[in-house]
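**Student:** Below is the sequence, then the predicted model.
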Amino acid sequence: MFERYVRAMDALHRCCMLIAGLCLLIITLIIPWGVYTRYVLGTGSQWPEPIAIILMIVFTFFAGAVCYRENLHIAVMALPSMTSGVGRTVLGWIIELCMLGTSLFLLFFGWELVKTTWNQVMAQMPVIPVGLTYAPIPVGGGIIALFVIERIWSGRFFAPAEADPPFQSARTPDAN
């Protein structure tokens, strides 16, 4: 059962990386268009900036989930490095339960934010509901919660998940 869950999280991890990468690619393509239309053509396009902002929000939450799973997020390892055995395990549980609480906060309150702002529209893009721009918050929180569950289930608190990512050499061995 655990192996199937890990395989599903591997697929979700790859999907998050793909989405984050596509967001960066699209931002890289549309921002120069906005600059070109404003400074060369003299009539700025209205859509590149709001679309780039939306894509940056999507990128932030999906890339954040990837970084969490790969243990690439900002972390202070001084305390875990000073502990070992049961103390290190207890510290791992505390940290992961706090992460689970944070991700569930993003999921539930992010969903409330999406519902509350769904009927508002963006001034620059009236066809896009404001709630849609906030949708990456609960989605990212849900994905991080799934990755936290994987880490708690595996008991590998201070190491990335065992997976077969495209950058296998970048992974560090478990310090437990």
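**Tutor:** Looks like it came in fine. Computed from a prediction, not measured in an experiment: that's the story for all the values here.
**Student:** How about the host helix or strand of residue 100, which residues are buried there?
**Tutor:** Assessed by DSSP states H and E, residue 100 sits inside helix 85-117. If you call a residue buried by 16 or more other CB atoms under 10 Å, then helix 85-117 has these buried ones: 88, 91-92, 95-96, 99-100, 103, 106-107, 110-111, 113-114. Where you see a C-beta, it was placed from the backbone N, CA and C, and this is true even at glycine.
**Student:** Against which helices or strands is that helix packed?
**Tutor:** With contacts defined as 3 or more CB pairs under 8 Å, 6 or more residues apart in numbering; DSSP states H and E, the packing partners of helix 85-117 are helix 78-82, helix 130-134, helix 136-154.
**Student:** If you count residues, where's the longest helix of this structure?
**Tutor:** Ranked by residue count under DSSP state H, the longest helix found in the chain is helix 2-39.
**Student:** For that one, name the packing helices and strands.
**Tutor:** For helix 2-39, the elements it packs on are helix 48-69, helix 136-154, judged by 3+ CB pairs under 8 Å, 6+ apart.
**Student:** what's the average pLDDT for that helix?
**Tutor:** The pLDDT scores in helix 2-39 average 94.
**Student:** List the buried residues in that helix.
**Tutor:** By neighbour count on 16+ other CB under 10 Å, the buried set for helix 2-39 is 6, 9-10, 12-13, 16-17, 19-20, 23, 27, 30, 34, 37.
**Student:** No more questions from me, cheers.
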